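No letters, just coordinates:
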């Protein structure tokens, strides 16, 4: 780290949502190093009483316990911790799960891009190491691969992977500008947060990390949440396209998207209509009819690919922290 980065390490806070992690939370807290100045444990109406267990078992003066009367989900618990850390004057806020899958020793590496002014938000990536992939359960491997692609579409961060990774760090000023009341409270929190950061044009970075999988059971049900994740990502995709290419800006990519969609739809409509007519009458379509359908489809696909290429190059590159400091 640079000297400036080292001077800012006293402003690092950790937010730790707790739900059914009573048997592991104390060990996780014990692994958090001296670079962290405050630790906010959020008991999300845990039926095991994780918050009370921490208060009775942990003597670390940095640890403070917050409680929810009702369960709000991992997102709601994290946002409660964000609010507390921001009010306490934190400069960087790290979100760490209490199930022991994340190594607290990686916190300095996670926050470094923020402290050096290279990013506004940093997240772990468990897919960087082949050894880590071998340890990951197959259902998580496949599910994360699919979700990663869908989240790239909805957030616009094409260079990121492992979107549901909960080991994250965020610049506190960037966090304070987020619409807390609109961010998803449940397991969609990390993906929705990426979408919200994208609308702010925040710079996001991946940091390779190892995940530890033991005998713990995940509270996330793939069957219960798969449909929700797909629907909400598609909804965010629509919002992102509207905000980024029509409401806040209109450029050549906007034209490519509109014309490409219209031409592709027109060609498909003509082609399917004549195919149905040929199937009904038994008469093959003429060459002119085929070209009337094929040409708009080909041009439409080319325009949509051009839009996609523009979108992939449109990932934010300059951190919000730098832009804020340059304002007069």
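The structure has been received and is ready for your questions. Note that the structure is a prediction, hence the values are computed from the model and not measured.

Would you mind giving the secondary structure of residue 14?
strand (DSSP: H, G, I helix; E, B strand; the rest coil).

now residue 66
Residue 66 - assigned by three-state DSSP - is strand.

who touches it in this structure?
Counting by Cβ atoms under 8 Å, 6 or more residues apart in numbering, residue 66 touches 40-43, 51, 80-81, 84. Where you see a C-beta, it was placed from the backbone N, CA and C, and this is true even at glycine.

what's across from it in the sheet?
residue 42 (DSSP bridges).

how far away is it from residue 53?
The gap separating residue 66 from residue 53 is 14 Å, by Cβ to Cβ, to the nearest Å.

Give me the phi and psi angles of residue 63.
phi -80, psi 130 (degrees, to the nearest 10).

what's the answer for residue 123, then?
Main-chain torsions, residue 123, degrees, to the nearest 10: phi -140, psi 150.

thought residue 47 was touching residue 21?
No: between residue 47 and residue 21 there is no contact under Cβ atoms under 8 Å: 11.4 Å.

between the two, who's got more neighbours?
A count of neighbours by other Cβ atoms under 10 Å puts residue 21 above the other of residue 47 and residue 21, at 23 against 9.

pretty sure that one belongs to a helix, no?
No: secondary structure of residue 21, determined by three-state DSSP: coil, with no helix assignment.

For it, give me its contacts.
So residue 21 contacts 28, 46, 48, 50, 97-100 (Cβ under 8 Å, 6+ apart).

Break down the stretch 151-300 of the chain into its strands, ranges please.
Secondary structure of the stretch 151-300 of the chain (DSSP state E, counting those that start in this stretch): strands at 168-171, 204-208.

Counting by contacts, list what the longest one packs against.
Judged by 3 or more Cβ pairs under 8 Å, 6 or more residues apart in numbering; DSSP states H and E, the packing partners of strand 204-208 are helix 107-115, strand 121-125.

could I get the ones you listed as JSON lines with mean pLDDT, mean neighbour count and distance to residue 62?
Output for these, formatted as JSON lines (pLDDT from 0 to 100; neighbours: other Cβ atoms under 10 Å; distance: least, Cβ to Cβ, whole Å):
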{"stretch": "helix 107-115", "mean pLDDT": "95", "mean neighbour count": "23", "distance to residue 62": "13"}
{"stretch": "strand 121-125", "mean pLDDT": "94", "mean neighbour count": "24", "distance to residue 62": "21"}
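
is it possible to export the ones you listed to TSV including distance to residue 320?
Conversion of the helices and strands packed on strand 204-208 to TSV gives the following (distance: least, Cβ to Cβ, whole Å):
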stretch	distance to residue 320
helix 107-115	11
strand 121-125	9
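
looking at these, which is closest to residue 303?
strand 121-125 (32.1 Å; Cβ to Cβ).

can you list the domains in the chain?
Using automatic domain parsing, the domain ranges for the chain come out as 3-244, 250-326.

Deepest-packed of those domains, please.
Ranked by mean neighbour count, the domains of the chain are led by domain 3-244 with a mean of 18 (mean count of other Cβ atoms under 10 Å).

shaky segments in the stretch 151-300 of the chain?
211-225 (pLDDT under 70).

mind listing the helices for the stretch 1-150 of the chain?
Assigned by DSSP state H, counting those that start in this stretch, the helices in the stretch 1-150 of the chain fall at 3-7, 25-30, 50-57, 73-87, 107-115, 130-135, 138-155.

want to throw these into JSON lines with distance to residue 203?
What follows is those, written out as JSON lines (distance: least, Cβ to Cβ, whole Å):
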{"stretch": "helix 3-7", "distance to residue 203": "16"}
{"stretch": "helix 25-30", "distance to residue 203": "28"}
{"stretch": "helix 50-57", "distance to residue 203": "34"}
{"stretch": "helix 73-87", "distance to residue 203": "19"}
{"stretch": "helix 107-115", "distance to residue 203": "9"}
{"stretch": "helix 130-135", "distance to residue 203": "25"}
{"stretch": "helix 138-155", "distance to residue 203": "13"}
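
Now do the contacts for residue 253.
Counting by Cβ under 8 Å, 6+ apart, residue 253 touches 245, 306-307, 310-311, 314.

do you know how far it is from residue 85?
Distance of residue 253 to residue 85, given as Cβ to Cβ: 37 Å.

circling back to that earlier point, any chance of the strands of the stretch 151-300 of the chain in a markdown table, with distance to residue 289 too?
What follows is these, written out as a markdown table (distance: least, Cβ to Cβ, whole Å):
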| stretch | distance to residue 289 |
| --- | --- |
| strand 168-171 | 54 |
| strand 204-208 | 48 |
